[in-house]
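In: For reference, the sequence and a predicted model appear below.
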Amino acid sequence: MNAADEIDRSRYALDRPLLGVPVAVKDDVDVEGAVTAWGTSAQDRVAPTDAPVVAALREAGAIVVGKTNCSELVVWPFTETAAWGATRNPWNTDFSPGGSSGGSGAAVAAGLCGLAVGSDGLGSIRVPASFTGVVGLKPQHGRVWTAEHDWNGLSSNGPLARTVADAALFLDAVSTDGHDGGFRAAIADSPGPLNVALAWDPPARWPIAAKLGDAQRRAVEPLPTCSGTWATP
């Protein structure tokens, strides 16, 4: 609240793209003065400084309102730990928001913050985004400020947001090439025809996998046209 009051007092003198926007940060990313827990009680190190992505968000005017739960040691596609409990999907609390950035996805979907920081090596932003109905993007490596850990180049920090435009604001604020507005400019143009790959054979045989994909499959299965060719809706 103090940070918000300070921004209110100075907002007319500042030109910052995320001025006053509440942002939550996944608990594998350092926030100065807070423990970076990684979803486990085995970590008790208090971060001495903000991670570069958090510092960039603050510079853009965002207000960090808290840390979000993640799967233990950020290695699982669900968000439930012995140390911090289970994060529920705000659309249906009988279900998971996915992982490992499940807390960030749930926080954005529930309206607890405008944007949230996630990290993604093998789907840890994309899985929660799909489970909670928000926008998530894993940027290419090196485009966004990355925390000290990056899984040998696999992991990147990225946004969870309610709209593509909000995700673009986030990415422009934290890009390593100097806040150039490139993402916001890119979404102004139509990308034209796109090819989208969908894999129906999940790599893991969890029970939940049997419940996924029916609606998505019906939406994209080929349909015959009058000309005898095949098209997707």
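Out: Received the coordinates, thanks.
In: could you point out which element follows the longest helix seen in the chain?
Out: Longest helix in the chain, counting residues (DSSP state H): helix 164-174. Where DSSP states H and E defines the elements, the next helix or strand beyond helix 164-174 is helix 182-186.
In: mind saving the C-alpha coords of that next one as CSV?
Out: Output of helix 182-186 as CSV, limited to C-alpha atoms (Å, rounded to 0.1, in the frame of the first residue of the first chain):
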residue,chain,number,x,y,z
GLY,A,182,8.5,-4.7,-29.9
PHE,A,183,6.0,-7.0,-28.5
ARG,A,184,3.2,-4.4,-28.4
ALA,A,185,4.1,-3.5,-32.0
ALA,A,186,4.0,-7.1,-33.0
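In: Toward the C-terminus, what is the element adjacent to that helix?
Out: Using DSSP H and E, the helix or strand that directly follows helix 182-186 along the chain is helix 214-220.
In: could you pull out the helices for the protein?
Out: Counting by DSSP H, the chain has helices at residues 2-10, 52-59, 102-109, 126-132, 164-174, 182-186, 214-220.
In: right, and Phe169 touches Arg16 too?
Out: Careful, residue 169 is Leu; it's not Phe. No. With contacts counted by Cβ atoms under 8 Å, Leu169 stays clear of Arg16, the gap being 10.6 Å. C-betas here are computed from N, CA, C, even on glycine.
In: Those two: which is more packed in?
Out: Neighbour count, other Cβ atoms under 10 Å: between Leu169 and Arg16, Leu169 has more, with 23 against 17.
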